[in-house]
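**Q** let's see this in three dimensions:
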Amino acid sequence: MQTQVCETQASPKIGQSRSGDWMHDVVALLDAAIGHLHQEHAAHGAILEAASVLRRQVDQQAVEGAADDGKERLLAWQVRKVLDYIDRQIAGRLLVADLCALVGRSEAHFSRSFRGTFGYSPHAFVIRRRVGLAAKYMLQTDMSLSDVALECGFVDQAHLCKHFRVVTGETPAAWRRAKRAVCPSFAAFPV
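**A** Residues are numbered from 1 along each chain as shown. Below you'll find the model as predicted:
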């Protein structure tokens, strides 16, 4: 069986950034590898499981906090509850008030704790999560950018473009073309 090898670009800052960032890079690389091995079911399953383990570890480290810097953080059960809710509602309207109600904190207290746990405000975190989902759809489907935008919870294609450019530095169309040029089999992935 012939396997197509596509280069992925790992972050050159591994080891130079925050202590948990390398795990995010590994998860991203594993996600890319899952796509490369779409015909290799055993390898696909193993990589999928590895990515899942790393995601759980990243979430756990975010809660425990590698250094006690005095920042307020969400508790482990609160992180799980909030992340599950965000992932279930990612395409819909997500209000900070709803997230606060899940964990029983005021908006101010929740926002401080959320930022202390994840490093982003709740809004910025959700936007980054939506951009990541949009990137996945752009690589794995032939959906139009407007359909991708709506599927990921953005108001329209312009809204997606604005936030995608802030997060990645490129427009969604340019990013999609570049990724597909590096690895044309991305277009053939099932969702």
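**Q** what is the burial count for residue 149?
**A** Close neighbours of residue 149, defined as other CB atoms under 10 Å, add up to 24. Using the backbone N, CA and C atoms, a C-beta is placed for each residue, glycine as well.
**Q** same check, this time on residue 115
**A** 17.
**Q** now swap in residue 152 and tell me
**A** Using other CB under 10 Å, residue 152 has 23 neighbouring residues.
**Q** give the contact list for it.
**A** Residues near residue 152 by CB atoms under 8 Å, 6 or more residues apart in numbering: 90, 91, 130, 131, 133, 134, 137, 160.
**Q** turn these into a markdown table, including distance to residue 103, secondary structure and pLDDT.
**A** A markdown table is the format used below for those (distance: CB to CB, whole Å; DSSP: H, G, I helix; E, B strand; the rest coil; pLDDT from 0 to 100):
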| residue | distance to residue 103 | secondary structure | pLDDT |
| --- | --- | --- | --- |
| 90 | 18 | coil | 95 |
| 91 | 22 | coil | 94 |
| 130 | 21 | helix | 96 |
| 131 | 24 | helix | 96 |
| 133 | 23 | helix | 95 |
| 134 | 27 | helix | 96 |
| 137 | 29 | helix | 95 |
| 160 | 29 | helix | 97 |
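**Q** which of those tops the neighbour count?
**A** Ranking those using other CB under 10 Å puts residue 134 first, with 27 neighbours.
**Q** phi, psi of the residue lying closest to that residue once chain neighbours are set aside?
**A** Once flanking residues are discounted, residue 134 sits nearest to residue 152: 4.5 Å by CB to CB, 6 or more residues apart in numbering. When quoted as degrees, to the nearest 10, the phi and psi of residue 152 stand at phi -100, psi 0.
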